[in-house]
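Trainee: Task: produce atomic coordinates for the following.
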Amino acid sequence: QVQLVESGGGLVQTGGSLRLSCAASGLTFSRYMMGWFRQAPGKGREFVSAVSRSGGRTYYADSVKGRFTISRDNAKNTIYLQMNSLKPEDTAVYYCAASTGPDTAYLARTSDYNYWGQGTQVTVSS
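Mentor: From the prediction side, this is the model:
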């Protein structure tokens, strides 16, 4: 059974930083493209970032480019999202997801992903 478990969310002030983690089990981790999405209250789930199987390619939404950094550790079956210079509009539930899609594609649709975690809340106060 595939499980993706996010952690690291919390409450932070504007300009602060958080590091999210997503631990995967029940799948051959290195065979999956991995991504982060977020969903704010009353809004749809939106793409944040993705990382290729080797970690060599990364993709970002324009709204987080230059502030967030995605990475993965295949030895630990874990991906990370380092979030700096946080803004109130970053407040959302953050989800990690696994995709069998190609490394070279910009996989920004929820339908591109096969497995999802339960999410972790990030709240940025102004």
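
Trainee: Dig out what the nearest residue to residue 116 once chain neighbours are set aside forms beta bridges with.
Mentor: Spatial nearest neighbour of residue 116, excluding adjacent residues (Cβ to Cβ, 6 or more residues apart in numbering): residue 97 at 5.0 Å. For glycine as for every other residue, the C-beta is placed from the backbone atoms N, C-alpha and C. Taking DSSP bridges as the rule, residue 97 bridges to residue 35, residue 116.

Trainee: what sits up against the helix or strand containing residue 95?
Mentor: Using DSSP states H and E, residue 95 sits in strand 92-99. Residues outside strand 92-99 that contact it (Cβ atoms under 8 Å, 6 or more residues apart in numbering): 2, 4, 6, 9, 20, 22, 24, 27, 32-40, 43, 45, 48, 50, 79, 81, 107, 110, 112-122.

Trainee: Just the buried ones among the residues you listed, please.
Mentor: If you count burial by 16 or more other Cβ atoms under 10 Å, the buried members of those come out as 4, 6, 9, 20, 22, 24, 27, 32-38, 45, 48, 50, 79, 81, 107, 110, 112-113, 115-117, 119-120, 122.

Trainee: What is the burial count for residue 58?
Mentor: Residue 58: 14 surrounding residues under other Cβ atoms under 10 Å.

Trainee: quick one: it and residue 15, what's the gap?
Mentor: 23 Å (Cβ to Cβ, to the nearest Å).

Trainee: And residue 95, by the same measure?
Mentor: 24 Å.

Trainee: neighbour-wise, which of those two wins?
Mentor: Neighbour count, other Cβ under 10 Å: between residue 95 and residue 15, residue 95 has more, with 23 against 10.

Trainee: Tell me, what's the model's pLDDT at the residue minimising distance to the centre of the chain?
Mentor: Closest to where the C-alpha atoms of the chain average out (Cα atoms, centre = their mean) is residue 36, at 2.1 Å. Residue 36 carries a pLDDT value of 98.
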